[in-house]
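*Asks:* Let me see the structure of the following:
(chains A and B)
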Amino acid sequence: MDLSLSTRTEGDRTIVEVGGEIDVYTAPRLREQLVDLVADGKYHLVVDMERVDFLDSTGLGVLVGGLKRVRAHDGSLRLVCTQERILKIFRITGLTKVFPIHASVDEAVGATE
Amino acid sequence: MISDPPGVVAAEDAVTARPGTLPMRVLLVEDDEGDAFLVRELLLDAGSDIDLVRVRNLAEASGAIGADVDCVLLDLGLPDATGLDGLRSVLELSPNIAVLVLTGLADEHRGTEAVAVGAQDYLVKGSIDGQLLTRAIRYAVERKRADESVRRLYASEARAAENARLERGLLPQPLLRNNWFRVVPRYRPGRHQSVLGGDFYDVVECDDGAVFALIGDVAGHGPDEAALGVCLRIAWRTLILSGADPDAIFGAMDAVLVSERSTDEVFATVAMVRLDRADRMLRLWRAGHPLPVFLEGTTVVPAPVGEPGVALGVLDGHTWTPVDRPVAMDTSLLLFTDGLIEGFDGHPGGRRLGELALYQMLAELLQRGLDHDLLLDELLIEVRRRNGGELTDDVAAVLLTWADRE
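*Replies:* The predicted structure is shown next:
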């Protein structure tokens, strides 16, 4: 039930590295982090999920909420994920149509609309 | 036993549960030195087993009130609070602690007012002895505890009533005119809550004999999600009964979700099937929901993926495209929510169950030749056993079978 969060900046992108389990218990911390970043004027986010072990629907909701927040400021939220079991969750829920998903942080940082 | 002002409270006292034999801790809020001295002496004289901590005003009291305090003795004439305002502040600080009010002879009427506001009792200074004071404190504490239990009982009764109401809304009676289908539903709320979560299902038969079934899951857990689940299910039933175009139903439910949800993070996954008895065809619409599975003899086959639609409440103007598949007579269909596959798989390393392990479990149960009611019960038992206890998330599962199968 552990979630680790850290952020760093690369150019105009803010990278949020998430590790552990994003579930009903830990998702509020991720939400808080995303809300704080947007409040801080950081509208181009890259959420690195390579170290995420588990993601449930509450966690998905937080990512969807984050996306809506940055879009309200013409921003973007990109995901970095190559783990099949996490990718599968995005596919099942149809969210691959909503989030740009990249194979590496570099790719996500370099990506433009 | 009487100790001196706060600060001397031993840390372990603050966290230890207090059996009845331990001294009671009483916080005296009194600015008058003489009156404070008197209370101390009275308790000493009576040989009371009371641990008295004294503070001089409301500001000090707010720092000294904690879980280790059993009772507050409050003077109504404090320098930083007039009259009953002091009492109101104390009650706000410590809604679970007994409060006894001290009044002077001249303002005894304020005592009754204090009880009306929420104090357990009042004592008139100068007309109490040690025995009476000790007894009043013990009585106030016991009464507060009794009130607390009654309040908790009411709260749990209210929760049970709320549960029953939501349960009726979320877990309906299937609306079947004929007996062509057997519907076996199961629902288990997750372990973290006493109310239902946001999983829901429904089954409705139309005039033309087609049967529609729905399963869904509002992301998140709790009464808000459950209420939204009820809302979506009723919307779905209404749309089906009114003969709406099935391809337009998810769009309408999406609009309902967007207008009824509490925050824009909330989304829902749903799957809907139409089973036609005449041509034994199944049509599946899916909005971000896990794939239903077919049970064919002893084989478990996931439904066709088709074009995966997005969950409700995520994208504006999305459309959902169905996928078709023939369904043989000896085939059953299992609809479920992700709670069923998100538990642990029982192996070291804390992996999650996932669909494949679920399919395997189902195949093993089918080989045992279980009746469908038993099959779902056994499946839920096995999933919980693998998880190592009650599941975190809610689980809803519906098994649909042709009733006229040979």
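
*Asks:* Show me which helix runs longest in chain B.
*Replies:* helix B:130-170 (DSSP state H).

*Asks:* From the chain's centroid, how far away is the helix or strand following that one?
*Replies:* Using DSSP states H and E, the helix or strand that directly follows helix B:130-170 along the chain is strand B:181-188. Computed by CA atoms, centre = their mean, to the nearest Å, the chain-centroid distance of strand B:181-188 equals 23 Å.

*Asks:* Tell me who's in contact with residue 86.
*Replies:* Since no chain was named, I'll use chain A. A:49, A:52, A:55 (CB atoms under 8 Å, 6 or more residues apart in numbering or on different chains). C-beta here means a position set from N, CA and C on the backbone, and glycine is covered the same way.

*Asks:* wrong chain, I was asking about chain B
*Replies:* B:Gly86 neighbours (CB under 8 Å, 6+ apart): B:29, B:58, B:74, B:76, B:78, B:80.

*Asks:* Could you say which helix or strand holds it?
*Replies:* Going by DSSP H and E, B:Gly86 is part of helix B:84-93.

*Asks:* for chain B, what are the nearby residues on chain A?
*Replies:* Residues of chain A that fall close to chain B, judged by CB under 8 Å from any CB of the partner chain: A:23-24, A:31, A:53-54, A:56-58, A:60-62, A:64-65, A:68, A:85, A:91-98.

*Asks:* how about low-confidence regions in chain B?
*Replies:* By pLDDT under 70, the low-scoring segments of chain B are B:1-21, B:163, B:166-168, B:170, B:191-197, B:404-406.

*Asks:* That one: helices as residue ranges?
*Replies:* Counting by DSSP H, the helices of chain B are B:11-15, B:33-45, B:58-64, B:84-93, B:108-117, B:130-170, B:223-241, B:246-260, B:354-367, B:372-387.

*Asks:* picking that back up, quick one: buried ones out of the contacts of B:Gly86?
*Replies:* B:29, B:58, B:74, B:76, B:78 (16 or more other CB atoms under 10 Å in any protein chain shown).

*Asks:* For the third one, name its beta-bridge partners.
*Replies:* It stands for B:Leu74. B:Val29, B:Val101 (DSSP bridges).

*Asks:* Not counting sequence-adjacent ones, nearest residue to A:Lys97?
*Replies:* Leaving aside its sequence neighbours, A:Lys97 sits nearest to B:Val310 (CB to CB, 6 or more residues apart in numbering or on different chains; 5.5 Å).

*Asks:* just to revisit the earlier point, quick one: the helix holding B:Gly86 to helix B:108-117, angle?
*Replies:* 30 degrees (axes from the mean of the first three to the mean of the last three CA atoms, to 10 degrees).

*Asks:* How are the strands of chain A distributed by residue range?
*Replies:* A:3-10, A:13-22, A:44-55, A:76-80, A:101-102 (DSSP state E).

*Asks:* what pairs with the fourth one, and is each one parallel or antiparallel?
*Replies:* The one in question is strand A:76-80. strand A:44-55 (parallel), strand A:101-102 (parallel).

*Asks:* And for the closest residue to B:Gly111 other than its chain neighbours, the neighbour number?
*Replies:* The shortest distance from B:Gly111 to any non-neighbouring residue, by CB to CB, 6+ apart, is to B:Tyr122 (3.0 Å). Using other CB atoms under 10 Å in any protein chain shown, the number of residues around B:Tyr122 comes to 22.

*Asks:* Show me what B:Tyr122 is bridged to.
*Replies:* Going by DSSP bridges, B:Tyr122 forms beta bridges with B:Val101.

*Asks:* Assess the claim that it and B:Val99 are in contact.
*Replies:* No - using CB atoms under 8 Å as the test, B:Tyr122 is too far from B:Val99 to be in contact (9.7 Å).

*Asks:* Is it correct that B:Met272 is in contact with B:Leu284?
*Replies:* Yes - B:Met272 is in contact with B:Leu284 according to CB under 8 Å; the separation is 7.4 Å.

*Asks:* When the two are compared, which one has more neighbours?
*Replies:* Neighbours per residue, other CB under 10 Å: of B:Met272 and B:Leu284, the larger number sits with B:Met272, 26 against 22.

*Asks:* Bridged to the more buried one, which residues?
*Replies:* With DSSP bridges as the rule, B:Met272 is bridged to B:Leu214, B:Trp285.
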